[in-house]
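[1] Give me coordinates for this.
(chains A and B)
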Amino acid sequence: MSQTTSDSPPDATRDGVTSTTGGDRAQYGLCAGLAVLGALLLADAARIGHATSSNDPVGPRPVPVILGILLLVTAALYAVDVFRGGVGSAEEGEDVDLSTGADWKTLGLLAGFFVLNAVLIEPLGWVISGTILFAGSAFALGNRHHVRGLLFGLALALSTFYAFAIGLDVNLPAGVLQGIL
Amino acid sequence: MDNFANLIDGFGHVLTPMNLLFALIGVTIGTAVGVLPGIGPAMTVALLLPVTYGLEPTQALIMFAGIFYGGMYGGSTTSILLNTPGESSSVVTAIEGNKMAKAGRAAQALATAAIGSFIAGTIGTLLLALLMPQVVKFAVSLGAPEYFAIMLLAFVGASAVLGSSRIRGFAALLIGLAIGVIGIDKVTGQQRMTFGVAQLADGIDVVVVAVGIFAVGEALWVAAHLRRKAAGVIPVGRPWMGRDDWGRSWKPWLRGTAFGFPFGALPAGGAEIPTFLSYMTERRLSKRPEEFGKGAIEGVAGPEAANNASAAGTLVPMLALGLPTNATAAIMLAALQGWGLEPGPLLMEKQPLLVWTLIASLFIGNTMLLLLNLPLAPAWAKLLQIPRPYLYAGILFFASMGAYAVNAQPFDLFLLLGLGLIGFALRRFGLPVLPLIIGVILGPLAELQGRRSLQLSGGELSGLVGGPVAWVCFAIIAAVLLWPLVARLRGRGGDDAGGPGSGTPAASPTAAEVTA
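    Numbers count the residues shown, from 1 in each chain, chains lettered A, B, ... in the order given. Okay, here's the model as predicted:
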């Protein structure tokens, strides 16, 4: 029953990032991130004025302080666990193939198109930016039917715009197509 | 019986064409996303949240409940036909289900899963209708200290009991709680963790967090590891069962239901443990244990029933206490908050019609699901052939749309990407998603209740441990936290399993798969 997935070193080779030394060193980065988050909470809490009253004897400070300390403790314990060979098993799924390393090029492209959408959504409107987002993401993920990707994207963007923005009053900008749609 | 009068009242309200339509939309979407890889009910409800703020809460909730139940049905189809379960709750189903499919008995495996889910869902919903009002009666007597203790128990339960590593669970919980701190403190008006960014003053909307962690995080994670060759789908005809299969299925269905419902109703239950327990029980009780591992129908019938019964069980704490025990329930609670309804025991008092209509819709949705799934299983299986670039591009598309629609500011899209990267990191390092999302949603509420308790006691810390309910909660928390130490002392001293990264005896790989 006491199957410990985290403490079993064989898992370490599963991700391409880790290799011969055993242990998944990248985990230390996550520990550092947790510690930074804890430090941020403490620093921010120190900035807050000491505002307690008879109505609220606790004030806004204790919770972030407690969380900050817990984060620092957790980061330290986590690092100890990693040092002792602890590995969290990466999430699997229907379309996930963990036998190879992460595909950073696809990720970079996806993030790029994502940011592009964030920049374009207000000036150009959702129909145009959404179409680019869909077609671009599909391209990044390996779609090579460019025209089909654009057409699907346009169909999705138009139908969501009419169904949600016009039908249900959801906030989606019309952008340059204001008055045309 | 008061409950039945209320329930019949609820049926009266759900049986309007509009409500039935929303139930049908819900179960259809739910089954589809359950079948589709990469999408689960929690992600779907999160994606749909922003567009449903314009709907009537009752109708949106009916739809969400349909998605919730439908996702369970769809999930079993995938694990039987593909052998790669999309949700952690259907991991056990895949063990025997896929073996059955490979042996040419896919139709029977799908049939026992669907009928078992229907029976378990119906019994579970009935138990929900009977039990929930009693829990509410008890819950209205609880004060702030008790709620504070129950919420702490939910935090510890989600982090330490589910999943394979406590330290990773707590790390995820603390990230969620830290996100929950961001924004203006409701009591004093002080800004916390906003760093002068005006858009952060109202805090990060739960929808943006949920969509970022579930949808964007999942899409990025899959994109980085996309299987270039699609996994083989086993072709299937219309599900059916012979007399022998019925004979072997009905007891596992009932036993699975008995395992699933109580675990679902516990503050830290979930579906992983009962499905696993059901599987173990069926294997032990089976007259043909040699078939286990080669495709025993009992091994599909029991866990699938347990899975659905636990789904019904999770609605007890959600509706009665405002306490989410799985990801979908957590997002549904966020939805209630979004409509300005206060989840908790008062919901039943203030909105009895909403609650009973929702429960009645569960019966109807469950029946629709059986009718939708038995004849149409081959059609659903076709969904598995959708080209992956379009599927994940579509997820990013809807995620961006939903997140932007919440506040109509592009800032949220950058936030969404940042949260998506956190979601990516969670999946990469095997951190469970559920504690984070529970931390974001319950964190601010827990702080409020804690401060309220101390206000009542004039700042005395003893104010936090008032009442027997709080005592029990703290005792359980202490037991859960101290258990590894005790186990280590009782074991042979230097046993590694007692360390911070020790695993709880969970059946499934990690709770990180608690449905994306």
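
[2] Please count neighbours and contacts with C-alpha atoms only from this point.
    Fine.

[3] Could you list the low-pLDDT ranges of chain A?
    A:1-23, A:50-54 (pLDDT under 70).

[4] mind checking how far the residue nearest in space to the middle of chain A is from chain B?
    In chain A, the residue lying closest to the centroid (C-alpha atoms, centre = their mean) is A:A111, at 10.4 Å. Distance from A:A111 to chain B, counting by C-alpha to the nearest C-alpha, to the nearest Å: 7 Å.

[5] so who does that residue touch?
    By C-alpha atoms under 8 Å, 6 or more residues apart in numbering or on different chains, A:A111 lies in contact with B:L417.

[6] same deal with the one 3 residues further on?
    For A:F114, the contacting residues are A:133, B:417, taking C-alpha under 8 Å, 6+ apart as the criterion.

[7] Assumed it was part of a helix.
    Yes. Assessed by DSSP: H, G, I helix; E, B strand; the rest coil, A:F114 belongs to a helix.

[8] Spell out the residue ranges of the helices in chain A.
    Ranges of helices within chain A are A:26-47, A:62-83, A:104-124, A:126-140, A:146-160, based on DSSP state H.

[9] how far off helix A:62-83 does the first one point, in degrees?
    Between the direction of helix A:26-47 and that of helix A:62-83, the angle (axes from the mean of the first three to the mean of the last three C-alpha atoms, to 10 degrees) works out to 160 degrees.

[10] what packs against helix A:26-47?
    Using 3 or more C-alpha pairs under 8 Å, 6 or more residues apart in numbering or on different chains; DSSP states H and E, the elements in contact with helix A:26-47 are helix A:62-83, helix B:166-181.

[11] what do you get for the second one?
    Helices and strands touching helix A:62-83, as assessed by 3+ C-alpha pairs under 8 Å, 6+ apart, comprise helix A:26-47, helix B:166-181.

[12] Please state the offset of whatever helix or strand B:A377 lives in from the chain centre?
    Using DSSP states H and E, B:A377 sits within helix B:352-382. Distance of helix B:352-382 from its chain centroid, counting by C-alpha atoms, centre = their mean, to the nearest Å, is 17 Å.

[13] isn't B:P317 right up against B:A330?
    No. Taking contacts as C-alpha atoms under 8 Å, B:P317 lies outside contact range of B:A330: 11.0 Å.

[14] which residues do these two both contact?
    Shared contacts of B:P317 and B:A330, counting by C-alpha under 8 Å, 6+ apart, come down to B:323-324.

[15] before we move on, the earlier item: and the helix holding B:A377, what's buried?
    Across helix B:352-382, burial judged by 16 or more other C-alpha atoms under 10 Å in any protein chain shown covers B:352-370, B:372-374, B:377-378, B:380-381.

[16] Low-confidence ranges, the stretch 151-300 of chain B, go.
    Where the stretch 151-300 of chain B drops to pLDDT under 70, the residues are B:162-163, B:229-232, B:268-269.

[17] which residues in it form strands?
    For the stretch 151-300 of chain B, the strands defined by DSSP state E, counting those that start in this stretch occupy B:183-184, B:191-192.

[18] For residue 131, which residues are in contact?
    Assuming you mean chain A. Neighbouring residues of A:T131 by C-alpha under 8 Å, 6+ apart: A:150, A:153-154, A:156-157.

[19] my bad, the chain I had in mind was chain B
    Contact analysis of B:L131 by C-alpha under 8 Å, 6+ apart lists B:V316.

[20] A:L40 now?
    With contact set as C-alpha under 8 Å, 6+ apart, A:L40 has these partners: A:68, B:193.

[21] cool, and B:D202?
    Contacts for B:D202 (C-alpha under 8 Å, 6+ apart) come out as B:183-184.

[22] Run a quick neighbour tally on the residue lying closest to B:G169 once chain neighbours are set aside.
    Using C-alpha to C-alpha, 6 or more residues apart in numbering or on different chains and skipping residues adjacent in sequence, the residue nearest B:G169 is B:S159, 4.2 Å away. B:S159 has 31 neighbouring residues, counting by other C-alpha atoms under 10 Å in any protein chain shown.

[23] who in the stretch 251-400 of chain B is up against chain A?
    Selection of the stretch 251-400 of chain B residues close to chain A by C-alpha under 8 Å from any C-alpha of the partner chain yields B:388-390, B:392-394, B:396-397.

[24] still on that earlier bit, among the helices of chain A, show me which one is buried the most.
    Comparing the helices of chain A by mean neighbour count (mean count of other C-alpha atoms under 10 Å in any protein chain shown), helix A:126-140 comes out on top with a mean of 27.
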